[in-house]
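[1] Structural data only, the sequence is not supplied:
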């Protein structure tokens, strides 16, 4: 039998050494990663209006959710668990929206849903969220979402139409005159805007001169505007968004109405530039959830918003970095922050699976968060009773071709009594 | 004799599909069952359209009106009258019959072009009325309602349970399909087809064509309304946009793809397109409308009588 040389590396020694080295390296370097990889990911489903009338909101909403999920994963996930994102298109359509919601929950096994901007889909989703024990974050602004049409599973991380008109009432309404005329898109949000406007104006002693609704996408507002006598009306309340507010304002300007009458747009003119609005823009007041231009933001929010915008591909003016197309500026924060509400809720409650949803709800109920990279819109509180966020609201106007912020009202000043108390609901 | 064999073959074919659908849920997950429920309901809705287009030759572009009446029939019966499931279904069917009868009485006397325009206008009027009567219809925001349990004698079943819902929807769809098939196999049904083929000749033969069209219109509307009622029970929600004419366009698309005048083609067309929509829109939301457009163009070019028509042609060629 041949004796083995001491200084020669045999095949057996090589295998032993290599195996030992690999084993050692795995234990010291790779083991935590293997453990992490074995943990079930937290699945977030984004149901967004990627096509249909609200596609502009949906596409920016998708970018925001994806940006937040990517950032969270880069920083080690939530409670050591990676986050997986599934995206579905609601097509701004209730039937399709609820079908896709079921798909996200039942097929893709999503733990949390970041819902669309469409209020109708959100309302139809509320009973499904309850039935399937799934927490749903909404950013439609119709009041009823966090009132009688919602439930304990629904959280809203954006201000609603009541906040919009409260902010206006606190700042500019008194100077505008008392005679008002309401116009709105003939769907839930448009009606909600008009209802709130009436509530606020009536409190201030206002006089309703008329009320009109037109379908979404109305091209010709002249027949509606012709009914308005500028000698009898001080303010037009316009519950429209995107191109509809542009058409209404332009046609009101062409009719000479804006010489005497001011227009209050329900929210920021999503997807429109000042140039788009033209000279008619000077007569419109907006109340928005956020500030479009970085230059108009309070100093303390700028760094957070620069990072946030870099992540979602938006420039300092609120446009797409590549295409320069105007984004849905004030509607991009909520979907991003919704992902971070999920993170906060999980971390505070120790949520592990849907079985812990009640703990998660209780953790978010009444939670206050500070302005940060996670919450770039600013400080806010998730009210315990109705799961409605209270954040700052901005009143702005176009002056000399630029958006000018006239007032920023902090969330706590926008208080109204809760219309429901979801905490009484059994989960 | 040939007719007997044809009828027997159809019955065997129908039974095989029914049996397959009974066994199918055992092999499917929750969501697949959910999708099949959708396919069946939309198939039933398209069947309503097939009755009026495929068997009567009238292009009703306002099918969403009946579907909407059906959804609101169930919703309002449960919410306002606190009706149980069977009473809500009975009220809905009755509402659909009355609505279709009155509507049909007014519209079937018009010629083809006026008929198309009239049906679109009525569906848009209903849409705007529903949007504005928010206190009753919930408008765009809609109405949510608790789906009542299914009581069968001493047994009470929860319709929210996906398996219970699957068999409930399947049973109703198959029952309606069978009854419609039997109707069009009857002499009265054949007379309706005669109106489609040549109304003047049918009238010359002594048929009351106005009455035949009215009966077909009412049957079509009632079937679409039942589909609407099932849909409301399926999702527990109804809103005004259900009346919007785009939903009528879907009935046209599904029936054309499946094959008009074949009954089963409506289920086939709705099934294929609902599944394709679900699959493709998850993959890429932008591409879906283009693909559906392409499917329509291909079907119209290669199989003008839809998939069922192409299958029949293949069968004839192979024998």
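    Cool, got the structure. Computed from a predicted model, the values in this text were never measured in an experiment.
[2] OK, contacts around residue B:138?
    B:238, B:239, B:240 (C-beta atoms under 8 Å, 6 or more residues apart in numbering or on different chains). Yep, even glycine has a C-beta here, placed from its N, CA and C like the rest.
[3] Include secondary structure, pLDDT and distance to residue B:94 when you put these into JSON lines, please.
    Listed next are the contacts of residue B:138 as JSON lines, based on DSSP: H, G, I helix; E, B strand; the rest coil; pLDDT from 0 to 100; distance: C-beta to C-beta, whole Å:
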{"residue": "B:238", "secondary structure": "strand", "pLDDT": "91", "distance to residue B:94": "18"}
{"residue": "B:239", "secondary structure": "coil", "pLDDT": "90", "distance to residue B:94": "23"}
{"residue": "B:240", "secondary structure": "helix", "pLDDT": "91", "distance to residue B:94": "22"}
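[4] if we look at chain A, which of those are close to it?
    Contacts with chain A within these, as defined by C-beta under 8 Å from any C-beta of the partner chain: residue B:239.
[5] Which of the contacts of residue B:138 sits closest to chain A?
    Proximity of those to chain A was ranked by C-beta to the nearest C-beta; the top entry is residue B:239 with 5.7 Å.
[6] quick one: that closest one and residue A:423, what's the gap?
    Going from residue B:239 to residue A:423 by C-beta to C-beta, to the nearest Å gives 28 Å.
[7] between these two, who's got more neighbours?
    Shown here are residue B:239 and residue A:423; by other C-beta atoms under 10 Å in any protein chain shown, residue B:239 has more neighbours (28 against 15).
[8] May I have the predicted confidence score for the closest residue in space to the more buried one that isn't next to it in sequence?
    Nearest residue to residue B:239, sequence neighbours excluded (C-beta to C-beta, 6 or more residues apart in numbering or on different chains): residue B:142, at 2.8 Å. In this model, residue B:142 is scored at 85, pLDDT.
[9] mind checking how far residue B:142 is from residue A:219?
    27 Å.
[10] who has more neighbours, these two?
    residue B:142 (26 against 11).
[11] Next up, the contacts around that one.
    Counting by C-beta under 8 Å, 6+ apart, residue B:142 has contacts A:94, A:120, A:123, A:124, B:237, B:238, B:239, B:240.
[12] Repeat that for residue B:85.
    Contacts for residue B:85 (C-beta under 8 Å, 6+ apart) come out as B:148, B:149, B:150, B:151, B:159, B:233.
[13] Now the two most distant members of those.
    Greatest spacing in the contacts of residue B:85, by C-beta to C-beta: B:151 and B:233 (13.9 Å).
[14] Near chain A, which residues of the stretch 1-150 of chain B are found?
    Neighbours of chain A within the stretch 1-150 of chain B, by C-beta under 8 Å from any C-beta: B:29-31, B:34, B:38, B:128, B:131-132, B:134, B:139-142, B:144.
[15] change it to 10 Å
    Proximity of the stretch 1-150 of chain B to chain A (C-beta under 10 Å from any C-beta of the partner chain) is limited to residues B:29-35, B:38, B:42, B:124, B:127-128, B:131-132, B:134, B:138-147.
[16] What are the buried residues along the lengthiest helix in chain B?
    Taking DSSP state H as the criterion, chain B has its longest helix at helix B:209-235. Judged by neighbour count (16 or more other C-beta atoms under 10 Å in any protein chain shown), helix B:209-235 contains these buried residues: B:209, B:212-235.
[17] just for chain B, where's the confidence low?
    B:1-6, B:319 (pLDDT under 70).
[18] What segments of it are strands?
    B:143-144, B:150-152, B:155-157, B:237-238 (DSSP state E).
[19] Name the strands paired with the last one and say parallel or antiparallel.
    Paired with strand B:237-238 in the same sheet, following DSSP bridges, are strand B:143-144 (antiparallel).
[20] Break chain A down into its domains, please.
    What the record gives for chain A is the domain set A:42-159+A:297-390, A:163-288, from automatic domain parsing.
[21] thinking again about what came up before, quick check, nearest of the contacts of residue B:142 to residue B:304?
    Using C-beta to C-beta, the contacts of residue B:142 come closest to residue B:304 at residue A:94, 33.5 Å.
[22] Could you tell me how far the closest one is located from residue A:129?
    According to C-beta to C-beta, residue A:94 stands 15 Å off from residue A:129.
[23] next one: residue B:86
    According to C-beta to C-beta, residue B:86 and residue A:129 sit 29 Å apart.
[24] follow-up on the earlier one: for the residue nearest to residue B:239, give me the backbone phi and psi.
    Residue B:142 adopts backbone torsions of phi 80, psi -180, taken as degrees, to the nearest 10.
[25] Run the contact check for the strand or helix carrying residue A:250 versus chain B.
    Assigned by DSSP states H and E, residue A:250 falls within helix A:242-254. No - contact of helix A:242-254 with chain B is not found when judged by C-beta under 10 Å from any C-beta; the minimum separation is 14.9 Å.
[26] Just give me how far that helix sits from the chain centre.
    25 Å (C-alpha atoms, centre = their mean, to the nearest Å).
[27] Then stretch A:201-220?
    With C-alpha atoms, centre = their mean, you get 26 Å for stretch A:201-220.
[28] Phi, psi for residue A:400 please.
    Here residue A:400 shows phi and psi, under degrees, to the nearest 10, equal to phi 50, psi 40.
[29] my read: it touches residue A:282, true?
    Yes - contact criterion C-beta atoms under 10 Å: residue A:400 and residue A:282 qualify, at 8.6 Å.
[30] can you redo the domains of chain A as TSV with mean pLDDT?
    Output for these, formatted as TSV (pLDDT from 0 to 100):
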stretch	mean pLDDT
domain A:42-159+A:297-390	94
domain A:163-288	83
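[31] Which residue ranges of the stretch 201-350 of chain A form helices?
    Counting by DSSP state H, counting those that start in this stretch, the segments of the stretch 201-350 of chain A that form helices are A:222-225, A:242-254, A:274-277, A:299-312, A:333-349.
[32] okay, now residue 282: neighbour count?
    No chain in the question, so chain A it is. 17.
[33] You answered for a different chain; I wanted chain B.
    18.
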